[in-house]
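# just the structure for this:
(one chain, ligands or ions: 1)
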Amino acid sequence: MIIPEFEYLSPQTLQEACGLLVQYGESAKVLAGGSDVLVKMKDGLMRPAYLVSLKKLDDLKGIRYEKGTGVVIGARATHNEIMTSSILQTKYRSVCEAAHSMAAEQIRNIGTIGGNLVNAVPSADLPPILIALFAQARIVGPIRERTIPLEEFFLGPGRTVLESGEILVEIIIPDQLTTGSNYIKFGLRRAGALAVAGVAISMTVSGDVCQEIRIVLGAVAPTPLRARQAENVLRGKRISRELIDEAAKIAAVEAKPISDIRGSIEYRRNLVAVLTRRSLKAAIEKGHV
Ligand SMILES: Cc1cc2nc3c(=O)[nH]c(=O)nc-3n(C[C@H](O)[C@H](O)[C@H](O)COP(=O)(O)OP(=O)(O)OC[C@H]3O[C@@H](n4cnc5c(N)ncnc54)[C@H](O)[C@@H]3O)c2cc1C
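Numbers count the residues shown, from 1 in each chain. Just a heads-up that it's a prediction; the model follows:
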């Protein structure tokens with residue numbers, strides 16, 4: 001199908017963009033890389049009369065480190081920029097690895113972190129590792145600006161807390177004591193496949209003791225899911241193979257998967273156990289974030 005007609009709007013400022021979104025309401029959509037919006041329009045799943053492009057909004061570009069704040073990733077940063085960012089490679093290589101696990105080169109070149117998060121697809125690869133790393137989302141709207149934990153951003157498949165006229169501006173990974181983090185996904189092909197399940201971990205290990213931990217499951221619930229009981233198995237304890245196995249089993253119970261063409265409920269639960277075990281071991285062994 002041919003993409004239906006629409007009016008392309010290219011605001012010069014964030015405030016202008018928010019204003020256009022309010023003015024045109026339901027008939028307008030934000031356009032970042034377009035890897036989702038344009039595909040949906042072509043498939044007849046979406047028919048916005050206006051596309052509000054973020055292309056001229058340089059405030060949303062780039063990846064930088066701000067002392068006292070952390071790593072700031074502009075919403076327009078593409079997956080390839082994330083993958084190759086020297087700041088992220090040094091500080092949070094797990095985020096680069098998650099970006100690398102996505103799609104193919106062409107999509108990674110145009111798809112943005114903002115689009116990946118706002119899409120709120122349960123199988124998306126960036127939300128679990130960013131939530132594991134305590135990321136925050138900075139949101140700007142026509143009247144106010146707010147920064148919230150990314151963990152609170154997702155409401156359900158395709159639904160986020162963004163209100164009318166609001167734009168996701170940047171993601172902040174705050175400075176932290178984390179000693180290791182990791183993201184593993186399982187897809188039905190070696191590369192370029194959506195996650196059937198994914199598990200992200202961040203850990204602070206001192207000696208053999210797990211001081212702090214986050215386990216975040218992807219593609220096995222309507223939104224990215226913290227496996228809090230599994231975290232409690234390890235938090236404050238001396239790490240052992242038995243505890244890792246127990247945490248993995250509990251994470252599988254905490255998952256809330258559905259059956260679909262990519263896997264059944266049982267299959268996904270088994271995957272969560274296997275991936276949690278592997279991801280925990282990798283986060284412990286890596287000894288870097
Ligand atoms: C072939 C293919 C393979 C893919 N494989 C994967 C994969 O393996 N893993 C994975 O996680 N994803 C995958 N995706 C999804 C894709 O990578 C994401 O959808 C991409 O990150 C979207 O970014 P975008 O900039 O293209 O978003 P767009 O298509 O421009 O926008 C997506 C949505 O977000 C909104 N939006 C975008 N930016 C903002 C913002 N800053 N503020 C407010 N709203 C905004 C848009 O209005 C729209 O609703 C795949 C997609 C394709 C087509």
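# what's the pLDDT at residue 147?
pLDDT for residue 147: 98.
# what residues are up against the nearest residue to it once chain neighbours are set aside?
The spatially closest residue to residue 147, leaving aside those adjacent along the chain, is residue 138, at 4.8 Å (CB to CB, 6 or more residues apart in numbering). Quick note: C-beta positions are derived from backbone N, CA and C, even for glycine. Contact analysis of residue 138 by CB atoms under 8 Å, 6 or more residues apart in numbering lists 145-147, 168-172.
# how about a cut-off of 6 Å?
For residue 138, the contacting residues are 147, 169-170, by CB atoms under 6 Å, 6 or more residues apart in numbering.
# part of a strand, is it?
Yes - counting by DSSP: H, G, I helix; E, B strand; the rest coil, residue 138 is part of a strand.
# list the helices and strands the one helix or strand residue 229 maps to packs on?
Assessed by DSSP states H and E, residue 229 sits inside helix 228-234. Helices and strands touching helix 228-234, by 3 or more CB pairs under 6 Å, 6 or more residues apart in numbering; DSSP states H and E, are strand 209-218, helix 241-254.
# is the residue most central in space within the chain in a helix, a strand, or coil?
Most central in the chain under CA atoms, centre = their mean is residue 127, positioned 2.0 Å from the mean C-alpha point. Per three-state DSSP, the local secondary structure of residue 127 is helix.
# quick check, pLDDT for the closest residue to the ligand within the chain.
The ligand sits closest to residue 115 of the chain, with a gap of 2.1 Å, by CB to the nearest ligand atom. Looking at residue 115, its pLDDT stands at 98.
# grab the nearest non-local neighbour of it.
Nearest one to residue 115, counting by CB to CB, 6+ apart, is residue 32 at 4.4 Å.
# next, the contact list for that neighbour, please.
Counting by CB under 6 Å, 6+ apart, the residues that residue 32 touches are 54, 112, 114-115.
# out of these, which are buried?
Burial by neighbour count, judged by 16 or more other CB atoms under 10 Å, picks out 54, 112, 114-115 from these.
# in a markdown table: those, plus secondary structure and distance to residue 21.
Putting these into a markdown table (DSSP: H, G, I helix; E, B strand; the rest coil; distance: CB to CB, whole Å) gives the following:
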| residue | secondary structure | distance to residue 21 |
| --- | --- | --- |
| 54 | coil | 11 |
| 112 | strand | 17 |
| 114 | helix | 14 |
| 115 | helix | 15 |
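# the nearest residue to the residue nearest to the centre of the chain once chain neighbours are set aside - how many residues pack around it?
In this structure, residue 127 finds its nearest non-sequential neighbour in residue 224, 4.5 Å apart by CB to CB, 6+ apart. Other residues near residue 224 come to 26 when the count uses other CB atoms under 10 Å.
# who touches residue 224 in this structure?
Here residue 224 is in contact with 127-128, 131, 216, 218 (CB under 6 Å, 6+ apart).
# try it again at 10 Å.
120, 122, 124, 126-132, 150-151, 153-154, 198, 200, 216-218 (CB atoms under 10 Å, 6 or more residues apart in numbering).
# please, a PyMOL command that selects the buried ones among those?
The buried subset of the contacts of residue 224, as determined by 16+ other CB under 10 Å, is captured in PyMOL by this line:
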select buried, resi 120+122+124+126+127+128+129+130+131+132+150+151+153+154+198+200+216+217+218
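# near the ligand, list only the ones from the contacts of residue 224.
The overlap between these and the neighbours of the ligand (CB under 6 Å from any ligand atom) comes to residue 124.
# other residues contacting stretch 257-272?
By CB under 10 Å, 6+ apart, the list of residues contacting stretch 257-272 reads 122-123, 184-188, 193-199, 215, 217-222, 225, 227, 230, 248-256.
# pull out the buried members of the residues you listed.
122-123, 184-187, 193-199, 215, 217-221, 225, 227, 230, 248-252, 254-255.
# up against the ligand, what does this protein have?
So far as CB under 6 Å from any ligand atom goes, the chain lies against the ligand at 29-37, 39, 54, 75, 102-103, 107, 110-112, 114-116, 118-119, 124-125, 162, 167-168, 194.
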